[in-house]
Every structure is written in C-alpha cells, then in structure tokens.
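Any chance you can model this:
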Amino acid sequence: MIERQQHILQFIREHKVVKLVTLTKKFNVSMETIRRDIQQLVLEKKIEKFYGGVKYVEPVEGIIDQRLHEQLPEKIAIAKACASYVQDGDCIFIDSGTTTYQMIPFLVEKEKLTVITNSLPVAFELIGSKVEVIIIGGKIRHSEKSVTSNDFLFRFEHLNINKAFICASGVSIEKGISDFNLEEAITRKQIISISQTVFLATDSTKFNKDVAIQVCPLQEIDTIITDSALSKKTIMHFTKEGVQIKLVQTDK
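Below is the predicted model:
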C-alpha cells in the first residue's frame, strides 16, 4: 500500500492536477482504495484535495533546526555508513545538511583527519576535538546555519578533497540532485567538481523528487547512501542508469 501511494504521489507530481477517476484507471483499483490512499497523502501534506480530484503541493524547505529530528534514525544510520568510508589521514568535505551533520560522532576518533565544511554546526561540534577543521569563507545563510561561497570569496582550487559527503533535497534520474537554494547549489557544484570521490547522503524520502535548483547530474555522484525503505522499483531504475546505491538498515 505504501509503495502504491508513492507511485500515486509520483504520478500526481508529474501531472500537477489529477482527477480521482483518472487515478482509479491508472492504478487499476477501486475508488474507495484511491480515496484511502489520497487521504493519507493529504494528511502528510503532500497533496491537496478538491472536489473530484487532487493537486500536488510543491515542497518548501524547512529551517535546519526543524529538520534535524525528521527521519532521525535513518539519518544516523546513513551517517554511520558514510563515516565508515573515511580513513585516517583523509581530507573530507561535510555538507551543511542534517544527514551529514550526524557523521560527527563517528569521526572524532579518526587520526590526522581534516574536515572542510560550510556547516557552522559541524564546525562547532568539532571544536575541541583532534580533527583539523577548515570552514569555507563566504556569506552566512541563516536558515541553514551554513556558509555559501564562490570563487570571488573563496579559492576552492587550493583544496585537495579525498571524499565529499553531499546532501540533497531532491534526487531523480532526470534532474540528478537538486536543492532549494541557488547559492547552496553553487557551493555544492564547486565542491563536487574538485573532489576525488563524491558520496550522496540522503534518506529515501528525497528520491523521485525535484526541487528548485539542479546541483549536478547523477553521473557526477560515485555512490548514493540511503536507507532500506527505498522501493525495489526505484533501486532498479537508478541502478539501470549506472548509479551505485548502498542501502543501510535503520536501528529502530
């Protein structure tokens, strides 16, 4: 049922406004079944209902403090898996998202580790640890507690990043990874372009979703690390495109 709701949501997202009778024909189910599925999606505020049909609700970005507790078990499991790729002596980039923020407890005992970040919370968490911290220079984005930058403000070419851990608000085959904020997207583009290996750390709710600004196509990502709630159909679609996906089990 949950997987069908995901497919229904994807169909509504693509068409923006859909009649209920269209959904019954598309998914070969009764009107009663469609109404139940629609009611759940309405409760989750993913769609809005009107007489005889539904319309897609475009997602908006929440403040980072609000998002820290959303999908938290999944984010911790993903972050732990990300940290397992980090070796002593590495120079890594940690993005400003709420998933990559959860990597910190799994990194503090690493030897001779350098962390480059645009996340103020990440930098503050590492103060007092033995980890070398470099924070990129630029403009502070208050809602994300992050720093957005460009070549005028920060010389990215001087960085030598072994592994970059990037977050995304949307992930799709067509548009790659996307974000709500242009300046944040530009900073991520810069980091991805100079990093030896790029990991995308994102929970399964971000898949088959595009938001305002494209960051990069999927071909620029080496590995996507996500939780095991990702549907088999989505996994198959992405792996057919040559995308490497690592699924992690969540500790409930």
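
domains in the chain, as residue ranges please.
2-56, 64-248 (automatic domain parsing).

Just the terminal-to-terminal distance for stretch 95-106.
One end of stretch 95-106 sits 15 Å from the other (CA to CA, to the nearest Å).

Just the buried positions in it, please.
95-104, 106 (16 or more other CB atoms under 10 Å). (C-beta placed from N, C-alpha, C; glycine too.)

same check, this time on stretch 174-189
Judged by neighbour count using 16+ other CB under 10 Å, the buried positions of stretch 174-189 are 175-181, 183-189.

Stretch 72-81 now?
By neighbour count on 16+ other CB under 10 Å, the buried set for stretch 72-81 is 74-81.

Just to be sure, which of those residues are found in helices?
With helices taken from DSSP state H, the overlap with the buried residues of stretch 72-81 comprises 74-81.

ok, so of the buried residues of stretch 174-189, who is nearest I34?
Top of the list for closeness to I34, among the buried residues of stretch 174-189 and by CB to CB, is K175 at 27.9 Å.

The closest one: what's its closest spatial neighbour, skipping adjacent residues?
Among residues not flanking K175 along the chain, D210 sits closest, at 4.5 Å (CB to CB, 6 or more residues apart in numbering).

Assess the claim that that neighbour and I177 are in contact.
No: contact criterion CB atoms under 8 Å: D210 and I177 do not qualify, at 9.4 Å.

overlap in contacts of these two?
Counting by CB atoms under 8 Å, 6 or more residues apart in numbering, the shared contacts of D210 and I177 are G170.

For E48, pull up the helix or strand it's in.
E48 is located in strand 47-50, with elements delineated by DSSP states H and E.

Ok, F124 next?
In this structure, F124 sits in helix 120-126 according to DSSP H and E.

Now do the buried residues in the host helix or strand of I92.
Using DSSP H and E, I92 falls within strand 91-94. Residues 91-94 are the ones in strand 91-94 that count as buried (16+ other CB under 10 Å).

In terms of distance to V18, which of the ones in helices among the buried residues of stretch 72-81 ranks first?
E74 (29.0 Å).

For that closest one, give me its contacts.
Contact analysis of E74 by CB under 8 Å, 6+ apart lists 203-204, 227, 229, 250.

tell me the least confident of those residues?
Least confident entry in the contacts of E74, by pLDDT: T250, with 79.

Against P73, how distant is that one?
Here the criterion is CB to CB, to the nearest Å. By it, T250 lies 5 Å from P73.

that older thread, quick one: strands adjacent to the strand holding I92?
Partners of strand 91-94 in the sheet, by DSSP bridges, are strand 114-117 (parallel), strand 163-166 (parallel).

distance of D37 from V54?
Plainly put, D37 is 10 Å away from V54 if you go by CB to CB.

Compare the two and say which is more crowded by neighbours.
Neighbour count, other CB atoms under 10 Å: between D37 and V54, V54 has more, with 25 against 20.

how near is the residue nearest to K75 when sequence neighbours are not counted to Q71?
Excluding the flanking residues, the one nearest K75 by CB to CB, 6+ apart is T99, at 4.5 Å. Separation of T99 from Q71 (CB to CB): 8 Å.
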